[in-house]
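Chemist: A predicted structure for the sequence below; I have some questions about it.
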Amino acid sequence: MSNQFPALFQPLQLRHKTLRNRIVFGSHTANMSVDGLPGERHRGYYEERARGGVGMIVVEPVPVHRTAVLTRGNFRHSTDEVIPHFRKITDAVHAHGAVICNQLYHVGQHGDFDNSYQPSWSPSGLPSFHDSDGSHAMTEAEIEEIIESFVQAARRAKEAGFDGIELFAAYNAIIDQFWLPFNNRRDDRWGGSFENRMRFSRTIMERIRKMAGEDFIIGLAVNMDPTSKVSQTIEQLQEVIAWHDERQLMDYVTCGTGSYFNFTGIIPHVFYADKLGAPHAEALRQVVKHARVQCESHVRTPENANYVVASGQADMVSIVRGQIADPHLANKAKEGRPEDVRPCLSCNQMCWGRRYRDYWISCLINPSAGREFEWGGDRFTPAAKPKKVLVVGGGVAGLEAARVAAERGHQVTLAEASDKLGGQFRLAGLTPRRHQIIDYLDWFERQLAKLQVKVLLNTPLDAEEAKAFGADEIIVATGSMPDGKAFQRAMPEHDQLPGIERGNVASAEDVMARIARPGKRVLVLDETANWKGGGVALTLAEAGHQVTVVTPAAAVMAEMARTAADIELRARLRELGVTLRTDSVVREWHGDGATIQSFGGAPERIAADTLVVASTNVAEHELGDTLGAPMIGDAVAARNAAMAIYEGRKLAMSL
């Protein structure tokens, strides 16, 4: 064991259990159930993090009642059928030395009828902040029904082998709805005074303790959302937590950020600072005498986690996306190898992004996430017969293919035409606030060096040159290029933008690579409504250009709504004076301006010195076609980085 992170690897007593370190894989909706039951996908996902050295795992929330169902992948509520299926997970996690708890939840007024087919129950019948539905104000009998549903869910967790449960009282769910005067407008014994508003959580926790006995962890998940005027202040939350702690109702409390009032802070994206939740955890630690305090929210790295614990801000730290990206983060940190930890990008594209679309979650940079039971986790079986492998192209598809092939024992050469690795993903990393992408590409370079992959820069190859390497396997990852035509899906009758031949036109890629020098007034054609158009617009605006964005989508970066970063990006563009023209197309480019038209509106001419085009690229597949070699990433079809990395790993695992 290394002494690099001494605070992080001190054991911690948590009721009847001793955590081997202070790293927690906190609760999050993996959404992996099949017909409401945890299966092999779930088992593999959590077992891999236990194998990776984490101290404690908190399995995603179980809805405690028929009115609590929120996602397609939620577990079955109110039935013992889940017990034997969860037992397979708890046994697997225990076998690797980790403690495991189960979060229990009910989101009150913010339910989802499409999944529950039930009205949402809440303290006072206020509307949902997820959609336009209202909720049902519970009767006292219904309150008792919900309390008992929490107790029975805890009983099932205990019988399934969980070491404890974590009650979800965060982000304005049903428990903190009872706490908060904004939500709780009752005039009976469940509302009004502070003591009455605490009655719901107190009763749940006391009854769970009585049912489960002393050897059972009870945790409490809370949140802070300073951006919301109706949410709790830190002083009010301190009062709530101190009250519960004085009665020794919980063994630990974990504090997140954001809420259903301001969703973007719940899963912080690239525009948020690291260690976002640390000040809130520190404030709670000042008022507890019995409970442990856990810090969560954008604590991505072992360095950050060790600082939080060593400085006394918290007793333990939840790292969720960091351990989705690298399930062996804990062991690598323990062994003094933090440079080998695959760094989370805070991109949210395949974790929250897939959950947003009600799929099971994965990871942009770790496609094994959610596929552990199929792919053997984030580990690689040595090849039966090592081969000489040539990878042509050093974008993320080629980098991942080269890395995984080398991990499996193959002798790998990577040839890249340019002077840097990373391809278009490196250009994305030059966008403001996205430097984590550059950190990830630096990680690739370190891994390839350790694996003795021969990297050839400034080495474009044609088919004959590729054959001359004498490789047993050639993998083509030549990527894609801008189409040069500014094709718009809303104008499919035009293969290219009318007037594009008049000049003063550049691709988003050329702008980010500083090949093109746009004029003062820039019109960005944001055809894809993702990071490419939004990112280049932000880059230009921060550099002092006068920018107008035209997109056929209802919002700039609408395709990235799944990441929650779109809201902040649009706000920043507006702050910088960028004009956003949505539901619109560029009818014609004039060389010194453009005719644009909103859907259903009249054509309008605007002045611009340069047109910057962010559109779907065209695959560079000629080398692969000539060689008849397997192609991956954009060489197959222009898509996003998640698909490129997935294909690179999958192909290399098959060699």
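Modeler: Great, that's in hand.

Chemist: correct me if wrong: His328 contacts Gly52.
Modeler: Yes - between His328 and Gly52 there is a contact under CB atoms under 8 Å: 3.8 Å. The way it works is simple: take the backbone N, C-alpha and C, and place the C-beta from them, glycine included.

Chemist: overlap of the contact sets of the two?
Modeler: Common contacts of His328 and Gly52 (CB atoms under 8 Å, 6 or more residues apart in numbering): Asp378.

Chemist: quick one, helices of the stretch 551-655 of the chain?
Modeler: 565-575, 622-627, 641-654 (DSSP state H, counting those that start in this stretch).

Chemist: tell me the most buried of these?
Modeler: Highest mean neighbour count among those (mean count of other CB atoms under 10 Å): helix 641-654, with a mean of 23.

Chemist: ends of stretch 293-304, how far apart?
Modeler: One end of stretch 293-304 to the other measures 16 Å (CA to CA, to the nearest Å).

Chemist: what's the answer for stretch 494-511, then?
Modeler: End to end - CA to CA - stretch 494-511 spans 25 Å.

Chemist: and it, which residues are buried?
Modeler: Using 16 or more other CB atoms under 10 Å as the test for burial, stretch 494-511 gives 494, 497, 499-500, 504-511.

Chemist: chain center to it, what's the gap?
Modeler: With CA atoms, centre = their mean, to the nearest Å as the basis, stretch 494-511 stands 34 Å off its chain's centre.

Chemist: can I get the helices of the stretch 551-655 of the chain in TSV with mean pLDDT and distance to Asp419?
Modeler: Below are the helices of the stretch 551-655 of the chain laid out as TSV (pLDDT from 0 to 100; distance: least, CB to CB, whole Å):
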stretch	mean pLDDT	distance to Asp419
helix 565-575	95	30
helix 622-627	97	19
helix 641-654	98	20
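
Chemist: now these in JSON lines, with distance to Ser615?
Modeler: As requested, these are exported to JSON lines (distance: least, CB to CB, whole Å):
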{"stretch": "helix 565-575", "distance to Ser615": "19"}
{"stretch": "helix 622-627", "distance to Ser615": "21"}
{"stretch": "helix 641-654", "distance to Ser615": "17"}
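
Chemist: re earlier: mark which of the buried residues of stretch 494-511 are part of strands, please.
Modeler: Using DSSP state E, 505-507 are the members of these that sit in strands.

Chemist: helix or strand right after the host helix or strand of Leu441?
Modeler: Using DSSP states H and E, the element containing Leu441 is helix 436-450. Next helix or strand after helix 436-450 toward the C-terminus (DSSP H and E): strand 454-456.

Chemist: in the helix or strand following that next one, what counts as buried?
Modeler: Of the helices and strands lying after strand 454-456 in sequence (DSSP H and E), the nearest is helix 463-468. Applying a neighbour-count criterion of 16+ other CB under 10 Å, one finds 463, 466 buried in helix 463-468.

Chemist: then stretch 116-135?
Modeler: Going by 16+ other CB under 10 Å, stretch 116-135 has these buried residues: 116, 120-126, 128, 135.

Chemist: one more: stretch 406-422?
Modeler: So stretch 406-422, judged by 16+ other CB under 10 Å, has buried residues 406-418, 421-422.

Chemist: mind listing which of these are in strands?
Modeler: Per DSSP E, those map to strands at 411-415.

Chemist: mind putting those into a markdown table with distance to Leu441 and pLDDT?
Modeler: Listed next are these as a markdown table, based on distance: CB to CB, whole Å; pLDDT from 0 to 100:
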| residue | distance to Leu441 | pLDDT |
| --- | --- | --- |
| Gln411 | 23 | 98 |
| Val412 | 17 | 98 |
| Thr413 | 19 | 98 |
| Leu414 | 13 | 98 |
| Ala415 | 17 | 98 |
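
Chemist: Thr563 versus the residue nearest the centre of the chain, what's the distance?
Modeler: Closest residue to the average C-alpha location of the chain: Asn348 at 3.1 Å, with CA atoms, centre = their mean. Counting by CB to CB, to the nearest Å, the gap between Asn348 and Thr563 amounts to 4 Å.

Chemist: no more questions from me, cheers.
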